[in-house]
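**Student:** Build me a structure from this.
(one chain, ligands or ions: 2)
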Amino acid sequence: MSSIEENLEKYLDMERILNLFFSEFDYCLSRCIMEEHRRLPSAPCIGCCKDRYHVKYDLDDPAFDLLRKEREALYGKPEERARVRRVSPCEYHSNFGCIVETHKSPICLSFMCRESIDDMRERFGIFEYDYIGFNYALEWILTGDLAGEAYGEFRESCLLMIEKIREKKAA
Ligand code: SF4
Ligand code: SF4
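**Tutor:** Residues are numbered from 1 along each chain as shown. Ligands and ions are numbered 1, 2, ... in the order given. Next up is the predicted model:
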């Protein structure tokens, strides 16, 4: 296995962990999208997907190329989806939200708005989530700059955030 493939494997492992973290946090759908939908039932809500972020922020790097190739194999190339009727400039946004369940770009995977970060701090006492820092960490996992012990520590800190949310919910 090449190191690019290993980097992508680590990235996809982190994506699984972060998806679990966001699902335990449960903010975007229940407190943003659904609330907006209840307020304006006939207007489509796109949350923060207001640009083609997967194009805008992805780096020129072989591991990003591999991530993109696998994403396109699963969900189609952006240009093939360009004619799909949608409410966001992003080709991967459907009327029901983002169709990319795995292989998201680092920025799409890590982004949290101010309101959601405040809620995470208030409800769960998690202050360590800094989306710009997480975005860089995910980029560096792909490029191989965050590896070995540092990768292990980052992974462990994400698992601890999940535990923290579960403990608060159970209390
Ligand atoms: S990050 Fe913020 S704006 Fe984006 S969907 Fe979640 S709550 Fe809504
Ligand atoms: S790929 Fe998904 S998360 Fe990223 S901007 Fe497009 S719809 Fe939003």
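
**Student:** Now do H93: how many residues are near it, please.
**Tutor:** Per other C-beta atoms under 10 Å, the neighbour tally for H93 reads 22. C-beta here means a position set from N, CA and C on the backbone, and glycine is covered the same way.

**Student:** residue contacts, the closest residue to it other than its chain neighbours?
**Tutor:** Take H93 and drop its neighbours on the chain: the residue closest to it by C-beta to C-beta, 6 or more residues apart in numbering is C49, 4.9 Å away. Each residue near C49 by C-beta atoms under 8 Å, 6 or more residues apart in numbering is listed here: 88, 90, 93, 97-98.

**Student:** restrict the residues you listed to those near ligand 2?
**Tutor:** Among the contacts of C49, proximity to ligand 2 is found for 90, 93, 98 (C-beta under 6 Å from any ligand atom).

**Student:** pLDDT at the first one, what is it?
**Tutor:** To tie it back to what came earlier, the one meant is C90. We have a pLDDT of 94 for C90.

**Student:** So it: helix, strand or coil?
**Tutor:** coil (DSSP: H, G, I helix; E, B strand; the rest coil).

**Student:** And L59, by the same measure?
**Tutor:** Applying three-state DSSP: L59 is coil.

**Student:** can you count the residues close to it?
**Tutor:** 13.

**Student:** Wait, it touches D145, no?
**Tutor:** No: at 11.0 Å, L59 does not count as touching D145 under the criterion of C-beta atoms under 8 Å.

**Student:** returning to that earlier point: greatest separation within the contacts of C49: which pair is it?
**Tutor:** C90 and G97 (10.7 Å; C-beta to C-beta).

**Student:** Quick check on the two: which one has the bigger neighbour count.
**Tutor:** Shown here are C90 and G97; by other C-beta under 10 Å, C90 has more neighbours (23 against 16).

**Student:** can you tell me which residues contact that one?
**Tutor:** Per C-beta under 8 Å, 6+ apart, neighbours of C90: 49, 51-54, 98.

**Student:** Which parts of the protein are helices?
**Tutor:** 3-25, 34-39, 53-56, 62-75, 106-110, 114-124, 131-143, 148-170 (DSSP state H).
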